[in-house]
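Show me the folded form of this:
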Amino acid sequence: MSSKKTTLLWLLFLAFFVLGYLINQNSTFVSAVTDKNYENLKVFSDILYTVQKDYVEETNVDDLVEGAINGMLNTLDPHTSYLPPDLYKEMQVETKGRFGGLGIELTVKDGILTVVAPIEDTPAFRAGIKAGDQIFKINSETTKNMTLVDAVKKLRGKKGTSVTISVMREGLTQLQEHTIIRDIIEIKSVKHKTLYDKFGYIRVTQFQEQTTSDFKKALDEIETKIPSLAGLILDLRNNPGGLLQQAVEISDEFIDSGLIVYTEGRSASQKIEFEAHKKEKVANYPLVALVNAGSASGSEIVAGALQDHKRALIVGTPTFGKGTVQTIIPLDNGGGLRLTTAKYFTPNGRSIHAKGIEPDIIVEDQIEGPEKETNPVRFLREKDLEEHLGKTNTGEVPKNDDTESSAVESSNDNFQDDPPLNRAVELLKSWEIFQGKQSTPGN
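Coordinates of the predicted model:
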C-alpha cells in the first residue's frame, strides 16, 4: 500500500475516531452528530479521496488537508488562523523580540493584501510604505486571495535579501514598485524623552515580553530627571497590540484601583477580570494618550481603561476597533491554532469591537507625501474589514531603531508637523497654567 494512501486512510480513521468520541462524550447530541456531522465528515472524506485519486495532476494529501483547515477557519473570523510549524515557531520568537523580515502590519480586505498602519523604523517604513497601501504583487506574484500566512512567508527572509512589492494607493494611477531589503528586526517597543524640561513623552509601539519592564525604566528615568513632572504624553499611535498582560500592566501604572479590562467567552476560563493594584506611589500628574486608527487591541485596552477611569485625555482619531482575544493552541504537528476565544470590554462595559475608542479630542494625523504636501492619514479600521471581526494579523512585528540611545533625551522641538503631539503639549501647558492660577492667592 502506498504511503499516500496510508496517510489518507489514517486521516479518515482519525475523523471517525473524533466523531465517535463526540458521540460518547454527550449522548444528548447523538442524533445531531450521527445525522449531520457524520454526513458532513463523509462528504469531506469522499471528496478528499476522489481528488487524491482522480485529479488531473498528482496531489499532496498534506497540502489538501492544510487547505481544508484554512478554508474551515476562514468561515469563522479572520483573526482565527492555522499556523504551520515554521510560522508558529517564528510567532513564538516575535514575542521575545528578534526575527527577520520587513516590519509591516498587514490585513486582508476584499481579498487584497493591505497595510493597516505604517510601522516606524523598519525597512518597510523607510521604503515609504504607508497605511492603506494595497499590495497587489509580491515578487511579481499576484496576492489576490492570498492568505496572510502565505503573504508573511513570502515577505519574510534572511537579512540582506530583497523582496519587491507592487502597491496601489489613493492618488496613484498605476502600481508602484518598492524593492525592500530585509533586515533583522530588533523589537524595542518603548521610546522616551523629555519635552521642555517639564513634560515626559513615552511611545509604546507594541506590547511584547519586555514592554512593561522597559516602560517602567523609561518612566523612572523621566521622573528622576524631572522630579516635579508637569505631565506625561503616552503615544499609542500605530500600536497594533500584542500581549494582553503587558497592556494590562502598563494601564496599572496609572490606575490605582478597579477594573482595567475584562474578557467574556463561551467557556468559564475565558471570563476573566483584570484589576488594578494599590501602590505606594501614585502617578498623579496630568496624562494625555495619543491614538489613531492604527492603534488596535492592546493599545485600545490601555486607552479605554484610562478613559473610563478619567485618568487621561485621549487625543487623536478613533482607534481600529479590535476587541477580541486570540488564544494560541499548540498542535501535535508542531504548528498552532490561533483561535478567537473571547471579547474584551472596558471597565465601563464598553465593547469597542468594530467601533474603536472615540478620543476626547479629535486631531487628525498628518503625513508628508513625495512633494512634502500634508494629507490626513487614511487608515483601515476593523469595521472596514469583512465580517466585522477584522482580518488583521501581525504578519510583521514593529521594530524601533536599535541605534537609538536608551537615555532620556530632552527636546524642545516645534511639533507643528505632528498635530496630535502638538495638541497634547498645548493641553499640558494649559493645564499647568490653570493649576498655577488656582494656587495664586486672590484668584
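
average pLDDT across stretch 265-281?
On average, the pLDDT along stretch 265-281 is 91.

oh, I was asking about stretch 76-84
86.

Mind listing what's buried along that stretch?
77-84 (16 or more other CB atoms under 10 Å). For the C-beta atoms, the positions are set from N, CA and C on the backbone; glycine is no exception.

Likewise for stretch 202-215?
Buried residues in stretch 202-215 (16+ other CB under 10 Å): 202-212, 214-215.

Neighbours of Asn333, how many?
11 (other CB atoms under 10 Å).

how far away is it from Ala151?
22 Å (CB to CB, to the nearest Å).

In helices, which of the buried residues of stretch 202-215 appear?
211-212, 214-215 (DSSP state H).

domain ranges for this protein?
Per the record, the chain has its domains at 3-59, 83-185, 187-384+398-435, by automatic domain parsing.

Let me know the average pLDDT across the shortest one.
For domain 3-59, mean pLDDT is 66.

pretty sure Glu66 is touching Tyr82, no?
Yes: using CB atoms under 8 Å, Glu66 makes contact with Tyr82 at a distance of 7.1 Å.

For this protein, give me the ranges with low pLDDT.
1-35, 93-99, 117-120, 187, 367-415, 436-443 (pLDDT under 70).

could you redo the last one with a cut-off of 50?
6, 13, 16-33, 368-380, 384-407, 443 (pLDDT under 50).

From the centroid of it, which residue is nearest?
Residue closest to the average C-alpha location in the chain (CA atoms, centre = their mean): Pro240, at 3.2 Å.

That one and Ala296 touch, don't they?
Yes: the pair Pro240 and Ala296 passes the contact test of CB under 8 Å, sitting 5.0 Å apart.

Which pair in the ones in helices among the buried residues of stretch 202-215 has the greatest spatial separation?
Thr212 and Asp214 (7.4 Å; CB to CB).

Contacts only, for Leu337.
Counting by CB atoms under 8 Å, 6 or more residues apart in numbering, Leu337 touches 80, 82-83, 328-329, 331.

Including distance to His353 and secondary structure, could these go into CSV?
As requested, the contacts of Leu337 are exported to CSV (distance: CB to CB, whole Å; DSSP: H, G, I helix; E, B strand; the rest coil):
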residue, distance to His353, secondary structure
Thr80, 14, coil
Tyr82, 23, strand
Leu83, 23, strand
Ile328, 20, strand
Ile329, 22, strand
Leu331, 27, coil
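
Of all the residues in the strand ranked longest in the chain, which ones are buried?
Ranked by residue count, the top strand of the chain under DSSP state E comes out as strand 336-345. Counting neighbours by 16+ other CB under 10 Å, one finds that the buried residues in strand 336-345 are 336-345.

For those residues, give me CSV that also has distance to Ile260.
Formatted as CSV, the buried residues of strand 336-345 follow (distance: CB to CB, whole Å):
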residue, distance to Ile260
Gly336, 27
Leu337, 27
Arg338, 24
Leu339, 23
Thr340, 21
Thr341, 19
Ala342, 15
Lys343, 15
Tyr344, 10
Phe345, 11
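
of these, closest to Ile165?
Arg338 (24.1 Å).

ok, now how distant is that closest one from Asp77?
11 Å.

Same check on Asn348?
Taking CB to CB, one finds Asn348 at 25 Å from Asp77.

okay but Asp197 is in contact with Ile226, surely?
Yes: between Asp197 and Ile226 there is a contact under CB under 8 Å: 6.7 Å.

quick one: which of those two has more around it?
Ile226 (21 against 11).

quick one, what contacts Leu259?
Neighbours of Leu259 in contact, by CB under 8 Å, 6+ apart: 273-276, 305, 347.

Distance of it relative to Tyr55?
Where Tyr55 is concerned, Leu259 sits at a distance of 55 Å (CB to CB).

just Val204 next, same as before
50 Å.

mind listing the strands in the stretch 301-443 of the chain by residue range?
With DSSP state E, counting those that start in this stretch, the ranges of strands along the stretch 301-443 of the chain come out as 313-316, 324-330, 336-345, 361-362, 366-368, 374-376, 392-393, 409-411.

Please identify which of the ones you listed is closest to Ile185.
strand 392-393 (15.8 Å).

What's the local residue count around the spatially closest residue to Leu306 that is not a sequence neighbour?
Distances taken as CB to CB, 6 or more residues apart in numbering place Ala312 nearest to Leu306, at 3.9 Å, with adjacent residues excluded. Using other CB under 10 Å, Ala312 is surrounded by 21 other residues.

Was I right to think Ala312 contacts Val288?
Yes: the pair Ala312 / Val288 is scored as a contact, 6.2 Å apart, by CB under 8 Å.

Give me the common contacts of these two.
Common contacts of Ala312 and Val288 (CB under 8 Å, 6+ apart): Leu234.

buried stuff in the helix or strand encompassing Asp63?
Using DSSP states H and E, Asp63 falls within helix 61-74. Neighbour-count burial for helix 61-74 flags 61, 64, 66, 73-74 (criterion: 16+ other CB under 10 Å).

count of neighbours near Arg266?
9.

Going forward, count from 52.
Sure, I'll start numbering at 52, so the last one becomes Arg317.

measure it to Ala393 for me?
Counting by CB to CB - Arg317 and Ala393 are separated by 8 Å.

With Glu237 instead?
31 Å.

before we move on, what about Thr194?
31 Å.

And the helices in the stretch 352-494 of the chain, which stretches?
Secondary structure of the stretch 352-494 of the chain by DSSP state H, counting those that start in this stretch: the helices cover 470-490.

What residues are bridge-paired with Gln377?
Thr391 (DSSP bridges).

how much space between it and Phe250?
On the measure of CB to CB, Gln377 and Phe250 end up 36 Å apart.
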